Structure formats: structure tokens, C-alpha cells
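>>> coords below, sequence missing:
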């Protein structure tokens with residue numbers, strides 16, 4: 001089994017990062033600089049574009065099929081804090 005070149009590994013890592021953060025991007029919760037980096041990657045990666053389109057379709061199907069009430073703002077804020085804390089620990 002051959003190892004990936006450094007450039008190939010960097011590309012795989014970038015794809016993984018983009019796909020891990022796809023819903024953050026689709027929900028408009030990503031910082032501008034991160035959005036710019038993600039868009040630059042999408043301009044060069046058809047595979048990630050396709051996956052992002054599928055994720056967007058999934059979100060649309062869930063939203064259209066579930067006319068649920070919005071979560072209370074306090075709950076949303078607590079979840080965002082926890083997500084940020086988890087990211088800080090993982091990074």
C-alpha cells in the first residue's frame with residue numbers, strides 16, 4: 001500500500017475539514033475568513049462541491065418535512081458554547 005504524497009495528504013485533510021464544517025457553512029454560522037477558505041477549496045474540488053450539494057439537499061428535505069418550532073434562544077446559545085468548547089479541545 002503506497003503512502004500519500006504530502007500534497008495529496010494536505011488535500012485529503014482539507015476535504016475532511018470542509019466536509020466536517022459543511023453544516024456550519026450552510027447554516028451561515030462560519031466566520032468570513034473561514035468561508036473564504038472553504039469557497040476557495042470548493043472552486044477546486046468537485047467532490048466536495050457534490051457532497052456539499054447533497055448536504056444542502058438533506059437540510060432542505062428535513063426543513064420542509066419538519067415544520068418544527070425554533071429552539072429557544074438560550075438553548076441555541078448554550079449549544080453554540082458547547083460546540084466551541086469541543087472544537088477548542090479537539091484542535
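It's in. All values derive from a computational prediction rather than experimental measurement.

>>> Just give the number of residues close to the closest residue to residue 56 other than its chain neighbours.
The shortest distance from residue 56 to any non-neighbouring residue, by CB to CB, 6 or more residues apart in numbering, is to residue 26 (5.6 Å). Backbone N, C-alpha and C define where each C-beta goes, glycine included. Residues lying near residue 26 (other CB atoms under 10 Å) number 15.

>>> any idea how far residue 54 is from residue 31?
Computed as CB to CB, to the nearest Å, the residue 54 to residue 31 distance reads 24 Å.

>>> oh sorry, the question was meant for residue 63
Going from residue 63 to residue 31 by CB to CB gives 24 Å.

>>> what does residue 8 give?
Remark: distance between residue 8 and residue 31 (CB to CB) = 28 Å.

>>> for this structure, what's the longest helix?
helix 46-65 (DSSP state H).

>>> Follow the chain on from that one and name the next helix or strand.
Helices and strands here follow DSSP states H and E; after helix 46-65, the next one along the chain is helix 73-90.

>>> circling back to that earlier point, in this structure the residue nearest to residue 56 contacts residue 59, no?
Yes - judged on CB atoms under 8 Å, residue 26 makes contact with residue 59 at a distance of 5.9 Å.

>>> just to revisit the earlier point, please state the offset of the longest helix of the chain from the chain centre?
How far helix 46-65 lies from its chain's middle: 11 Å, per CA atoms, centre = their mean, to the nearest Å.

>>> Return the distance of the helix or strand bottoming out on mean pLDDT in the chain from the chain's centre.
The helix or strand with the lowest mean pLDDT-type score in the chain, counting by mean pLDDT, DSSP states H and E, is helix 73-90 (a mean of 79). Remark: helix 73-90 is offset 15 Å from the chain centroid, using CA atoms, centre = their mean.
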